[in-house]
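This is a predicted model, with the sequence first.
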Amino acid sequence: MSGERTAPAGWDIANLDDVVEILDSKRIPVNAKEREARVGQIPYYGATGQVGWIDDYLFDEELVLLGEDGAPFLEAAKPKAYIIRGKSWVNNHAHVLRARNGIPNGYIKYYLDTVDYHEFVTGTTRLKLNQAAMRRIPVPVAPQEERARIVAEIEKQFSRLDEAVVSLKRIKVNLKRYKAAVLKAAVEGKLAPTGGPWKRAGLGDIATSIRNGYSKKPDAEQGTRIFRISAVRPMELDADDVRYLSGTPGKYEPFFVEPGDVLFTRYNGSRDYVGVCARVPANLPPTVYPDKLIRVRVPGSILLPEFLVILASTGRAREYVESKIRTTAGQSGISGGDLKSLPLEIPCIAEQHRIIAEVERRLSVIEELEVAVEANLTRANCLRQSILARAFAGKLASHAMKKTPDVSCDFPIAAESPSTYRTTR
């Protein structure tokens, strides 16, 4: 909704100032040092929710808090207001509102989550909603007998929606577990028929090249492509996650990647992304790899690059990488020397092909399900906004719209949780 003064037939329009009491003068900010000294059991609130605990309270009732600065005012899917109950302390980053004139606090909270704040906030990096602008936010006021019903209907719809979202998030977790189980079965020889004993070796005993990348920073808006470190994620390479180097491509020839190269992350701010790897695909434009990545080349007659990625992503190899990670100045990393000792167990080439095919088949199913889950989570956010829009358009709980069906919060789940899928034949 926007700031336009429109309302359903039979409703009124009022400024926010007319339907709430503003209790901002009762707020008392507490600096971090003082708050640390006064830690207690009373919740302490700011613009976007609870920010800590304190040993005293300013309020002891149900109130609506709306961000004054720092709230996600221009992000449609995120709530801007919330309700607090009981003893609480509020800092000066949130406006404190008490609904009046027979309007429930919940009615105000939910409506404030629908407002288009563009015309009310100021600032760029940290948006601010000052009290004068807040007072003139127009509020559609339903007839008194409908107000509580609107709140109850919103909460009923949101409850159903929340249940669906919980189910979707549970599926995401189970998909992650299933993927880990598939990879574990793959490196243990349980995913495809075993053709004989596997050989143990260090990566350095097999690789024809293990080399750090180009050390100078990107310095151009166009020119020769160079991967960002973020291009490499577990078993995935984003071929378009690049910056650019000036100069002719020949200048960087030793650092170009080729199809079948395996890139490992050497440094990252997150330990979870250190030592992860991905294979370079065919048909890639000439691209340099940076010094925070390590390029590994292996002879395809002994170890297929795709199988190296599988081996390095789970089991003993991943445990080894994590044991070698060192952290300095907020950056975690491993060295090329560490990578040379990466422990591998390698079957014959024919078996590698069979395992790769089975892993790719199963991971493609997982990827399809993950896409479906993410699409439904996005739909959940849209439905939440749709529920609120219908509510304040008089279409959710009014007598006039009783025949209008509820906004559905049911989701077509593509498959059962895969937590019980077999990972062996």
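Noted; the coordinates are in hand. Numbers count the residues shown, from 1 in each chain.

Verify the stated contact: E370 with K172.
Yes - with contact defined as CB atoms under 8 Å, E370 reaches K172; the gap is 7.1 Å. In this view, the C-beta of every residue, glycine as well, is placed from N, C-alpha and C.

Low-confidence bits of this structure, can you list those?
Scanning the chain for pLDDT under 70 picks out the ranges 1-5, 397-425.

which SSE is the residue most central in space within it in?
For the chain, the residue nearest the mean C-alpha position is E374 (10.3 Å; CA atoms, centre = their mean). Element membership of E374, judged by DSSP states H and E, is helix 349-391.

any idea how far G330 is from V296?
Separation of G330 from V296 (CB to CB, to the nearest Å) stands at 26 Å.

Looking at those two now, which is surrounded by more residues?
Neighbours were counted for G330 and for V296 using other CB atoms under 10 Å; V296 has more, 26 against 6.

Identify the residues contacting that one.
When contacts are counted by CB atoms under 8 Å, 6 or more residues apart in numbering, V296 touches 203, 207, 209-210, 261-264, 277, 308, 339.

Among those residues, name the ones in helices.
With helices taken from DSSP state H, the overlap with the contacts of V296 comprises 203, 308, 339.

What's the local residue count around the last one?
Using other CB under 10 Å, L339 has 23 other residues around it.

Kindly report the same for the first one.
A total of 24 residues lie near L203 under the criterion other CB under 10 Å.

measure it to K324 for me?
12 Å.

One more: G52?
Relative to K324, G52 is positioned 38 Å away (CB to CB).

and the strand or helix carrying R177 with helix 349-391, angle?
Assigned by DSSP H and E, R177 belongs to helix 144-187. In terms of direction (axes from the mean of the first three to the mean of the last three CA atoms, to 10 degrees), helix 144-187 departs from helix 349-391 by 180 degrees.

Number of residues surrounding F158?
Applying other CB under 10 Å, I find that F158 has 17 neighbouring residues.

no no, A201
As a burial measure, A201 scores 16 neighbours (other CB under 10 Å).

all helices of this structure, in order?
Using DSSP H, the helices found in the chain span residues 16-19, 32-37, 105-112, 131-135, 144-187, 203-206, 305-312, 315-324, 336-340, 349-391.

Identify all contacting residues around the fourth one.
Outside of helix 131-135, the residues that reach it under the criterion CB under 8 Å, 6+ apart are 15-17, 22, 24, 66, 68, 95, 120-122.

Please convert those residues to JSON lines, extending it with distance to L129 and neighbour count.
Output for those, formatted as JSON lines (distance: CB to CB, whole Å; neighbours: other CB atoms under 10 Å):
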{"residue": "N15", "distance to L129": "14", "neighbour count": "14"}
{"residue": "L16", "distance to L129": "11", "neighbour count": "22"}
{"residue": "D17", "distance to L129": "13", "neighbour count": "15"}
{"residue": "I22", "distance to L129": "12", "neighbour count": "16"}
{"residue": "D24", "distance to L129": "11", "neighbour count": "14"}
{"residue": "L66", "distance to L129": "7", "neighbour count": "27"}
{"residue": "E68", "distance to L129": "6", "neighbour count": "23"}
{"residue": "H95", "distance to L129": "7", "neighbour count": "26"}
{"residue": "F120", "distance to L129": "6", "neighbour count": "20"}
{"residue": "V121", "distance to L129": "5", "neighbour count": "18"}
{"residue": "T122", "distance to L129": "8", "neighbour count": "11"}
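
about what we covered before: relative to K190, which of the ones in helices among the contacts of V296 is nearest.
Nearest to K190 among the ones in helices among the contacts of V296, counting by CB to CB, is L308 at 18.9 Å.

Name the nearest residue to the closest one, ignoring sequence neighbours.
V262 (5.4 Å; CB to CB, 6 or more residues apart in numbering).
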